[in-house]
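In: prediction below, plus the sequence it came from.
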Amino acid sequence: MSDPIHADDLTSLLGRWAAGREPLYRLLAARIRALAEDGALPPGTGLPAERPLAARLSVGRGTVVRAYDLLRDEGVVVRRRGSGTAVAPQGDPAPGAGGRPHDGSLFLSMFEPPAASLVLTCAAPDAPPPELGAAYREAVEELAGFSDDIGYHPAGLPELRAAIADRFTARGLPTSPDEVLVTTGAQQALDLLVRCHVVAGDTVVAEQPTYPGALALFSEAAAVVRTVDVGAEGPDVPGLLAAMADGPALTYLVPSFHNPTGTLLAPLDRRRIATAAGAHGLLVVDDETMVDLGFEDPAPSPLAACPGGERIVTVGSMSKVAWGGLRVGWIRALPPLMDRLRRAKTLTDVGGDVASQLAAARLLRSPDALVRRRRTELRRRHDRLAAELDHRLPDWRYTPARGGQTLWVRMPHGDSASFAQVALRHGVALMPGSALCAGGGGSAWLRLPFLAPEESLATAVRRIADAWERYDSAGGPRTAPLRVMAV
């Protein structure tokens, strides 16, 4: 460990660290974490002892102790008796630390797959459909005729906003183009919602497990995430309603072919959630990125179509039906919420790519053939993945998905993060369940996408089975039963 930074110097770097509604130790930990991520506190930097730092910050010593302990548990710092506390060296997290699954690092790693591996981390189509190429060719031809248009459309191209609005209206949610904001994928849509409505210390309610990109945004905002378990039939709705009654800043749900479990929220439960949102005046985000990917069930109506759903915001995307490279998503919301989001979007990028929006508009005007083919393909691949798991790993447990792109699979024992390292050495990259669970669960779970061709899925499961044989024979740790997705 290098010489520690002086308490006075660290205090200057911390700045207005105590601004927020979260407990002081969490706010302090969040600011030190940010300084470490930004490089202001390089790896190996010794941190001040608890008492002098507490005195300089005018807080109790316990606040600094709890902040340091939290950072140690996250792998940000190492604490050794007699040596003090230091920023963790790169590649050398604290002994026993599970890493920091929600700081965005695991989410970012989904897009940087290791070489020579079958990648089962990022859940998105691996090739554009033929319809997309045709849509782009038409878009390029139309662009040639553009005039009196500088190309900046902060809220989105009018043609695309109209197509999205018409699609919502056809699904039972009357919508005008002014109630649609086009974004650079659903991830930007979620980012705008979090930036506009969540500050440090705010409570966010989310399902457990859930989409890791959302958890990374909540962590970046220093929000307190209150989780509601998802089971074989969907989320624990009484628990969700109780959490909503406490007035969170934002409630994030994936009710339609949930990521990662593939469950579908029942109509009665949809109405109960919408009623609660209206009664408490809550901001609820309905993430519909999977809505068209049901194997048998038709696309359900958005939560906002239910009575009481006026403040429910709907997020959608083209990335799951078409291709991840088509960076087109959207937010559907009513004023004045939409006005605030539109201003934030304008400041972010002044508008998205026009050619991509023209292509997306064409796909949305006639989506039926593409959606049918995608659903059929996903159902076939789901069944192949399930069959391979049943054959090669019969002790692993899962509930068949009703739609979406992933299975939520539980190992008989062990830690999925450590097993993922073994699997990587056997040529397959996996997403451990801890990356999808804000409440500390998921250690025995894996998210397995069924997007690859069937033979690739068979090869992946064979490699996973080989890795499991090695891991199991080495005595991987036994885990206690989990509350999450008990199957």
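Out: Done, it's in. Numbering: from 1, shown residues only.

In: all strands of the stretch 1-150 of the chain, in order?
Out: 77-80, 84-87, 118-120 (DSSP state E, counting those that start in this stretch).

In: tell me which helix or strand comes right after the lengthiest helix in the chain.
Out: As assigned by DSSP state H, the longest helix anywhere in the chain is helix 368-392. Using DSSP states H and E, the next helix or strand after helix 368-392 towards the C-terminus is strand 397-398.

In: so what's the gap between the helix or strand following that next one and the chain middle?
Out: Once strand 397-398 ends, the next helix or strand along the chain (criterion: DSSP H and E) is strand 406-410. Remark: strand 406-410 is offset 16 Å from the chain centroid, using CA atoms, centre = their mean, to the nearest Å.

In: which elements pack onto strand 406-410?
Out: helix 368-392, strand 397-398, strand 445-449 (3 or more CB pairs under 8 Å, 6 or more residues apart in numbering; DSSP states H and E). Just so you know, the C-beta spots here come from the backbone N, C-alpha and C atoms, and that holds for glycine as well.

In: now do the longest helix of the chain, average pLDDT.
Out: For helix 368-392, mean pLDDT rounds to 96.

In: please shift the residue numbers so they start at 16 in all later answers.
Out: Got it, first residue is 16 now, which makes that one helix 383-407.

In: quick one, it and strand 460-464 angle?
Out: Orientation of helix 383-407 against strand 460-464 (axes from the mean of the first three to the mean of the last three CA atoms, to 10 degrees) gives an angle of 130 degrees.

In: give me the contact list for helix 383-407.
Out: 140, 144, 146, 307-310, 336-337, 378, 411, 413, 415-416, 418-420, 422, 424, 463, 465-469, 472-473, 476-477, 479-480 (CB atoms under 8 Å, 6 or more residues apart in numbering).

In: not counting sequence-adjacent ones, nearest residue to residue 318?
Out: Nearest non-adjacent residue to residue 318, counting by CB to CB, 6 or more residues apart in numbering: residue 301, 4.3 Å away.

In: who's in contact with the one you found?
Out: Taking CB under 8 Å, 6+ apart, one finds 268, 270, 271, 317, 318, 319, 327, 328, 329, 330 in contact with residue 301.

In: follow-up on the earlier one: relative to residue 85, which of the helices and strands packed on strand 421-425 is closest?
Out: strand 460-464 (23.6 Å; CB to CB).

In: that closest one packs against which elements?
Out: Short answer (3+ CB pairs under 8 Å, 6+ apart): strand 460-464 packs on strand 421-425, helix 431-440, strand 443-447.

In: which stretch in the ones you listed is the model least sure about?
Out: helix 431-440 (a mean of 89).

In: and that one, what does it pack against?
Out: strand 443-447, strand 460-464, helix 469-488.

In: the first one pairs with which strands, and in what direction?
Out: The reference is to strand 443-447. Taking DSSP bridges as the criterion, strand 443-447 forms sheet pairs with strand 133-135 (parallel), strand 460-464 (antiparallel).

In: need the CA coordinates for the last one. PDB is fine.
Out: What follows is strand 460-464, C-alpha atoms only, in PDB (Å, rounded to 0.1, in the frame of the first residue of the first chain):
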ATOM      1  CA  TRP A 460     -28.300 -18.600 -10.700                       C
ATOM      2  CA  LEU A 461     -27.200 -18.000 -14.300                       C
ATOM      3  CA  ARG A 462     -29.000 -16.200 -17.200                       C
ATOM      4  CA  LEU A 463     -28.700 -18.300 -20.300                       C
ATOM      5  CA  PRO A 464     -29.900 -16.700 -23.600                       C
END
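
In: report the inter-axis angle for it versus helix 431-440.
Out: 50 degrees.

In: just want the angle from strand 460-464 to helix 469-488.
Out: Going by the same axes, to 10 degrees, strand 460-464 makes 160 degrees with helix 469-488.

In: what residues does strand 460-464 touch?
Out: So strand 460-464 is contacted by 135-138, 224, 275, 400, 404, 420-426, 431, 434-435, 445-448, 450-452, 497, 499-500 (CB under 8 Å, 6+ apart).

In: for it, the distance to its chain's centre please.
Out: That offset, for strand 460-464, works out to 14 Å (CA atoms, centre = their mean).

In: so what's the residue count around residue 101?
Out: Residue 101 sits with 20 neighbouring residues when counted by other CB atoms under 10 Å.

In: partners of it in the sheet?
Out: In beta-bridge terms (that is, DSSP bridges), residue 101 pairs with residue 61, residue 93.

In: out of the helices and strands in the chain, which is least certain?
Out: Within the chain, no helix or strand scores below helix 120-124, which has a mean of 58 by mean pLDDT, DSSP states H and E.

In: looking at the contacts of residue 301, which is nearest residue 59?
Out: When these are compared for distance to residue 59 (CB to CB), residue 330 wins out at 40.9 Å.

In: next up, the contacts around that closest one.
Out: Applying CB under 8 Å, 6+ apart to residue 330 gives the contacts 201, 204-205, 208, 300-304, 344-347.

In: inside strands: which ones of these?
Out: 300, 301, 302, 344, 345, 346, 347 (DSSP state E).

In: would a markdown table of those with pLDDT and distance to residue 160 be doable?
Out: Formatted as a markdown table, the ones in strands among the contacts of residue 330 follow (pLDDT from 0 to 100; distance: CB to CB, whole Å):
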| residue | pLDDT | distance to residue 160 |
| --- | --- | --- |
| 300 | 98 | 38 |
| 301 | 98 | 37 |
| 302 | 98 | 36 |
| 344 | 97 | 27 |
| 345 | 98 | 25 |
| 346 | 98 | 29 |
| 347 | 98 | 29 |
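
In: how about the helices in the stretch 216-365 of the chain?
Out: 227-235, 252-260, 282-295, 352-364 (DSSP state H, counting those that start in this stretch).

In: need the winner for burial among these.
Out: helix 227-235 (a mean of 23; mean count of other CB atoms under 10 Å).

In: longest single strand anywhere in this protein?
Out: strand 239-246.

In: name the residues of that strand that come out as buried.
Out: 239, 240, 241, 242, 243, 244, 245 (16 or more other CB atoms under 10 Å).

In: leaving out the residues flanking it, which one is nearest to the first one?
Out: So that's residue 239. Distances taken as CB to CB, 6+ apart place residue 218 nearest to residue 239, at 4.9 Å, with adjacent residues excluded.

In: repeat for residue 166
Out: residue 369 (5.4 Å).

In: is the one you found in contact with residue 165, as I believe?
Out: No - taking CB atoms under 8 Å as the definition, residue 369 is not a contact partner of residue 165, at 10.2 Å.

In: the two: which is more packed in?
Out: residue 369 (20 against 7).

In: how about that one, phi and psi?
Out: The phi/psi pair for residue 369 (degrees, to the nearest 10) reads phi -70, psi -40.

In: return the residues in contact with it.
Out: 158, 166, 168, 172.

In: what's the most distant pair in those?
Out: Greatest spacing in these, by CB to CB: 158 and 168 (13.2 Å).
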